[in-house]
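Asks: model this:
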Amino acid sequence: MEKKLKTVITYGTFDMFHIGHLRMLQRLAEMGNKLIVAVSSDEFNALKGKKCLISYEQRAEIIGNLKMVDLVIPETHWEQKVEDVQKYDVDIFAIGDDWEGKFDFLKEFCEVKYMERTKDISTTQLKKSLSKFLTIPKEDIIRALEVLEILKKDLE
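Replies: Numbering: from 1, shown residues only. You can find the predicted model right below:
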């Protein structure tokens, strides 16, 4: 008996690509033989009240160059998920467990999986850290670099 090939789809912004993104995509790729990733467009993110640091084109290019990803498509509106599941004959819709229950309506079209997120890493957390870093006065950063240079010379 021939084994049915499985298509997996996921959605995300993928701003500030990090190890959590990579690990999730690796796990999703193991669930099937084709992985489709819908990357949220800049316009759709604006509708959601999100501001990206990296443009859609660059985020899509990063995702598209991962060996486990077979196809990258733009995510442009909320209703698109049903359309994509049908259009691409998707077997598994998977997304982070922070969305638990929000996409159960897709169960009539495919299997829905909410994936555990990588602990201690998130784009939101990275953006907060970067924001805090950017509030440090430039003079303090320069002074810290000068102190490090002096310590380096003392160690030589």
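
Asks: going forward, measure contacts and count neighbours with C-alpha atoms only.
Replies: OK.

Asks: Any stretches of the protein with poor pLDDT?
Replies: Within the chain, the stretches with pLDDT under 70 are 1-4, 118-136, 138.

Asks: can you give me the helices for it?
Replies: All helices of the chain, identified by DSSP state H, fall at 19-31, 42-47, 56-64, 80-87, 123-134, 138-155.

Asks: Minimum distance to Glu111: which of these has it?
Replies: Nearest to Glu111, of all the helices of the chain, is helix 80-87, at 10.3 Å by Cα to Cα.

Asks: Just list what the closest one packs against, helices and strands only.
Replies: Here helix 80-87 touches no other helix or strand, going by 3 or more Cα pairs under 8 Å, 6 or more residues apart in numbering; DSSP states H and E.

Asks: Run through who's touching that helix.
Replies: With contact meaning Cα atoms under 8 Å, 6 or more residues apart in numbering, helix 80-87 is reached by 9, 90-91, 93, 106, 109-110.

Asks: Ok, stretch 40-60 next?
Replies: With Cα under 8 Å, 6+ apart as the test, stretch 40-60 has contacts from 11-17, 39, 72-77.

Asks: about what we covered before: same list (the helices of the chain) but as CSV, adding distance to Met115 and mean neighbour count.
Replies: Output for the helices of the chain, formatted as CSV (distance: least, Cα to Cα, whole Å; neighbours: other Cα atoms under 10 Å):
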stretch, distance to Met115, mean neighbour count
helix 19-31, 8, 17
helix 42-47, 22, 16
helix 56-64, 18, 17
helix 80-87, 17, 14
helix 123-134, 16, 12
helix 138-155, 39, 10
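
Asks: Using JSON lines, please lay out these together with distance to Lys102.
Replies: Converted to JSON lines, the helices of the chain look like this (distance: least, Cα to Cα, whole Å):
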{"stretch": "helix 19-31", "distance to Lys102": "19"}
{"stretch": "helix 42-47", "distance to Lys102": "18"}
{"stretch": "helix 56-64", "distance to Lys102": "24"}
{"stretch": "helix 80-87", "distance to Lys102": "12"}
{"stretch": "helix 123-134", "distance to Lys102": "20"}
{"stretch": "helix 138-155", "distance to Lys102": "43"}
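
Asks: out of these, nearest to Arg117?
Replies: Judging these by Cα to Cα, what sits closest to Arg117 is helix 19-31, at 6.9 Å.
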